[in-house]
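[1] Take a look and give me a structure for this.
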Amino acid sequence: MTNQLFQKVRDGGTGPSSRIRVVEGTLKPSSEYQMHALVYRNRFEAQAMIHTHALYATTISCLKEKLPAIDYLLAYSGGPNVKCAKYATYGTHELAENALEAMKGRKAVLLANHGINVFGGNLCEAFDISEQPEFCARLYWQTKSVGNPVILPEEAMNRMVERFEGYGQ
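    As a prediction, the model looks like this:
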């Protein structure tokens, strides 16, 4: 991956007006850098984060409801469901705080009328995790279009979350 696609930034503060500076690369940081910075500051296990506007996850985010356990694979996201953060304007500290709050106890969060954030212990894990909510959001959308989805019980999903801890190691 070239520095044209990714760049390293150093976070120089803790508040909404904290300064960041590019330490590698030539492009400006994402307008959503505050969402990334808050996660890195508050979730020690987060070493890589992905923010995307994946079609099905974003579709479900427009319902402003959590993505329920339509499939056990959703547990790979760290919880029995994926919560939806309250809406706020993109690129704002308010959105970053809303996302962090809704991400408690999970590695993924829907952003109301916007998209989804996920994090992992490294970039490969973050990409792997990002696939599961998108897959489950598609299943949920498809099943809702033909009937009433059968949602897995929270107890079963909590067992799946435990099984996925350390998965693939």
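[2] So the residue lying closest to Leu152 once chain neighbours are set aside versus Val39, what's the distance?
    The shortest distance from Leu152 to any non-neighbouring residue, by Cβ to Cβ, 6 or more residues apart in numbering, is to Ala69 (4.1 Å). Heads up, the C-betas are built off the backbone N, CA and C, glycines and all. Distance, Ala69 to Val39, using Cβ to Cβ, to the nearest Å: 23 Å.
[3] and what of Gly78?
    Distance from Gly78 to Val39, by Cβ to Cβ: 13 Å.
[4] So which of those two has more stuff around it?
    More crowded of Gly78 and Val39, by other Cβ atoms under 10 Å: Val39, with 23 against 20.
[5] Can you read off the backbone torsions of that one?
    Per-residue torsions, Val39: phi -60, psi -50 (degrees, to the nearest 10).
[6] any idea which helix or strand carries the residue lying closest to it once chain neighbours are set aside?
    Once flanking residues are discounted, Val39 sits nearest to Ala46: 5.0 Å by Cβ to Cβ, 6+ apart. Here Ala46 sits in a region with no helix or strand, counting by DSSP states H and E.
[7] Ala46 contacts Asn117, correct?
    No. Applying Cβ atoms under 8 Å, one finds Ala46 not in contact with Asn117, separated by 10.1 Å.
[8] what do the two both touch?
    Jointly contacting Ala46 and Asn117 under the rule Cβ atoms under 8 Å, 6 or more residues apart in numbering are Val39.
[9] The two - which one has more neighbours?
    The neighbour count for Ala46 versus Asn117, taken as other Cβ under 10 Å, is higher for Asn117 (29 against 19).
[10] wait, what's in contact with that one?
    35, 39, 49-51, 99, 103, 108-109, 111.
[11] SS state for it?
    Classification of Asn117 by DSSP: H, G, I helix; E, B strand; the rest coil places it in strand.
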